[in-house]
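Colleague: 3D, please:
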Amino acid sequence: MSEASFVAGCGLGALNTWGCGGSCRWLASPKDASEAAIFIKKAADEGTGLYILGGGSNILVQDGFIDAGVISTGAMDEFEVYAAEGGARIEAAAGVPVKKLLALSLEKGLTGMEFLTGIPGTFGGALFGNAGAAGCSFAPLVEWAETISFDGSHRRWRAEELLWKYRTCPWGGNSLLITKASLRLRSGSREEITENIRRFSALKKGQPIGAKTAGCVFKNPEGNSAGRLLDVCGCKKLSVGAARVSQNHANFIENSGGASAADIYALTEMCRKRVYEEYGIVLEYEIKFFGAF
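Modeller: Numbering: from 1, shown residues only. From the prediction side, this is the model:
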């Protein structure tokens, strides 16, 4: 293990978009699936927990020490483009930034990924959360995906084996690492792609810009909007310590400066309670948790 790819006792606050949380037992940054497998085995041999870190958005890291290893996919950033009938295939590793994939699709004249506009983080993280917008997602695009389970087994999943659900990947849980996937995209004009990007960008206009957030905290209940429910329940008035509900969009929580993970979590639970008491709806978390909450 090289010093560049492994750090013991690493703090995670600077590695997530909320800017809070404690430290982990070790942080590894493998460059490919074979290196990742080494660290997955290390966690199994030590009998500790293991978490996968992409771009650091959409996660809440507990305060204090987490007795677990963390694998960062940031160095797994290679991709290839292959010609295909009617368009092309993009084979991308987990750590490729979403923004880079979107820019690539515009450069190559490939349409289908425009729904990723304004979504932060990495390809693997976006896949794991089945990121999407306005009813568009990865479901019709993914040809295959490769994973390593935390028990060390490798597998390639064909499209027909992948059952996608709203904001949920086909594998569920947190017991594997998505290492690579192939997307099939069709050819499109630059004008079409640019217009689609503008359309999806417009959907993000009500979201807070420049604040420390982790994206939407809760999934939208079927046929409803989590942001609207939180808003009408008066959640925009709520805060705990330096954690506050965004005035721009009630499904975002901002770290206004020095908020702890405990502050943020307490605020999310306060918001959930209000919606349940008012509407009988239990909001489901969209964010993922590192540690115990």
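Colleague: need phi/psi at residue 272.
Modeller: Torsion angles at residue 272 (phi, psi; degrees, to the nearest 10) stand at phi -60, psi -40.
Colleague: who are the contact partners of it?
Modeller: 218, 282, 283 (Cβ atoms under 8 Å, 6 or more residues apart in numbering). The way it works is simple: take the backbone N, C-alpha and C, and place the C-beta from them, glycine included.
Colleague: residue ranges of the helices in this structure, please?
Modeller: 33-46, 98-108, 123-128, 190-202, 226-232, 261-279 (DSSP state H).
Colleague: which strands and helices sit next to the third one?
Modeller: Using 3 or more Cβ pairs under 8 Å, 6 or more residues apart in numbering; DSSP states H and E, the elements in contact with helix 123-128 are strand 87-93, helix 98-108, strand 176-187.
Colleague: does residue 128 touch residue 176 like I think?
Modeller: No - counting by Cβ atoms under 8 Å, residue 128 stays clear of residue 176, with 9.0 Å between them.
Colleague: ok, of the contacts of residue 272, which come out buried?
Modeller: For the contacts of residue 272, a burial check counting by 16 or more other Cβ atoms under 10 Å picks out 218, 283.
Colleague: what about residue 103, neighbour count?
Modeller: Neighbourhood size, residue 103 [other Cβ atoms under 10 Å]: 11.
Colleague: repeat for residue 149
Modeller: 13.
Colleague: settle this for me: it is touching residue 173, isn't it.
Modeller: No - Residue 149 lies out of contact with residue 173 (Cβ under 8 Å); the separation is 10.3 Å.
Colleague: re earlier: deepest-packed of the helices of the chain, please.
Modeller: Mean neighbour count (mean count of other Cβ atoms under 10 Å) peaks for helix 123-128 among the helices of the chain, with a mean of 27.
Colleague: from residue 250, how far off is the residue nearest the centre of the chain?
Modeller: The chain has residue 125 as the residue nearest its centroid, 3.9 Å off, counting by Cα atoms, centre = their mean. For residue 125, the distance to residue 250 equals 24 Å [Cβ to Cβ, to the nearest Å].
Colleague: ok, residue 85 next?
Modeller: 45 Å.
Colleague: what stretches of the stretch 151-293 of the chain score poorly on pLDDT?
Modeller: For the stretch 151-293 of the chain, applying pLDDT under 70 flags the ranges 174.
Colleague: can you do 90?
Modeller: 165, 167-174, 204-206, 209 (pLDDT under 90).
Colleague: quick one: residues contacting the residue nearest to the centre of the chain.
Modeller: 54, 55, 57, 58, 73, 94, 131.
Colleague: list residues touching both of residue 149 and residue 173?
Modeller: With Cβ under 8 Å, 6+ apart, residue 149 and residue 173 have no common neighbours.
Colleague: contact partners for residue 42?
Modeller: Per Cβ under 8 Å, 6+ apart, neighbours of residue 42: 28, 69.
Colleague: no wait, residue 82
Modeller: 88, 89, 90, 91.
Colleague: now do the contacts for the residue nearest to the third one when sequence neighbours are not counted.
Modeller: Once its chain neighbours are removed from consideration, residue 90 has its nearest residue in residue 183; the separation is 4.9 Å (Cβ to Cβ, 6 or more residues apart in numbering). Under the criterion of Cβ under 8 Å, 6+ apart, the neighbours of residue 183 are 89, 90, 91, 92, 112, 113, 138, 141, 142, 143.
Colleague: quick one: contacts for the fifth one?
Modeller: Read that as residue 112. 105, 140, 141, 183, 184, 185, 186, 188.
Colleague: just to revisit the earlier point, nearest to residue 117 among the contacts of residue 82?
Modeller: Using Cβ to Cβ, residue 90 is the member of the contacts of residue 82 that lies nearest residue 117, at 16.5 Å.
Colleague: check the gap between that closest one and residue 211 for me.
Modeller: 32 Å.
Colleague: list the buried residues in stretch 81-88.
Modeller: 81, 87, 88.
Colleague: output those in CSV; the columns should cover distance to residue 288 and pLDDT.
Modeller: CSV is the format used below for the buried residues of stretch 81-88 (distance: Cβ to Cβ, whole Å; pLDDT from 0 to 100):
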residue, distance to residue 288, pLDDT
81, 30, 97
87, 32, 97
88, 31, 98
